[in-house]
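Q: next input, structure requested:
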Amino acid sequence: MYIAHPPAETFRTRLLALGSDYLCNTRLPDTSASVSFLGQFQGQHVVWNMTLATLAHYVLTEPDFIAAKAQGLRVSPFIEIMEGLEGVYQIRVGLDLAVIDEPVIRKTIIMIRNYKRLALGKIEFGAVHA
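A: Just a heads-up that it's a prediction; the model follows:
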């Protein structure tokens with residue numbers, strides 16, 4: 001049984017009124033986009049507030065990524081989920097693409113909704129482990 005938190009139900013009503021599956025608060029195409037959509041996490045219906053960006057964007061703007069690149073470390077595609085409140089979770093996704101556009105957003109939403117091992121913290125794809 002899945003429990004829907006009030007923010008998820010309120011957001012679902014908003015999406016239905018707009019006739020959309022997600023909200024994007026960024027003019028596209030760009031190297032980063034702010035997107036909100038519904039999904040499931042830990043057995044509950046949730047609202048995902050996602051920052052979706054190219055790896056190049058993160059390397060130019062985020063201190064941890066800037067430092068990693070400066071040390072010659074490989075920056076890998078990733079999903080990072082932060083602790084949520086009342087059914088709303090922040091998620092950052094970094095993809096090895098040149099630009100973020102509507103098809104990329106749609107594919108990423110599908111990926112997040114279908115990924116069975118989502119967990120709090122950071123998941124890197126293609127990372128080299130020693």
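Q: by contact count, what packs against the host helix or strand of residue 69?
A: For residue 69, the element it lies in under DSSP states H and E is helix 63-70. If you count contacts as 3 or more C-beta pairs under 8 Å, 6 or more residues apart in numbering; DSSP states H and E, helix 63-70 packs onto helix 55-61. The way it works is simple: take the backbone N, C-alpha and C, and place the C-beta from them, glycine included.
Q: and residue 20, that's in a helix?
A: No. Per DSSP: H, G, I helix; E, B strand; the rest coil, residue 20 lies outside any helix segment and is coil.
Q: what is the neighbour count of it?
A: 11 (other C-beta atoms under 10 Å).
Q: how near is it to residue 35?
A: Separation of residue 20 from residue 35 (C-beta to C-beta, to the nearest Å) stands at 11 Å.
Q: same question for residue 25.
A: In terms of C-beta to C-beta, residue 25 sits 8 Å off from residue 35.
Q: and residue 49, by the same measure?
A: Relative to residue 35, and taking C-beta to C-beta, residue 49 is found at 8 Å.
Q: measure residue 50 to residue 70 for me?
A: Taking C-beta to C-beta, one finds residue 50 at 27 Å from residue 70.
Q: for stretch 10-18, which positions count as buried?
A: 11, 15 (16 or more other C-beta atoms under 10 Å).
Q: ditto for stretch 92-110
A: Within stretch 92-110, judged by 16+ other C-beta under 10 Å, the buried ones are 92, 93, 94, 95, 97, 100, 104, 105, 108, 109.
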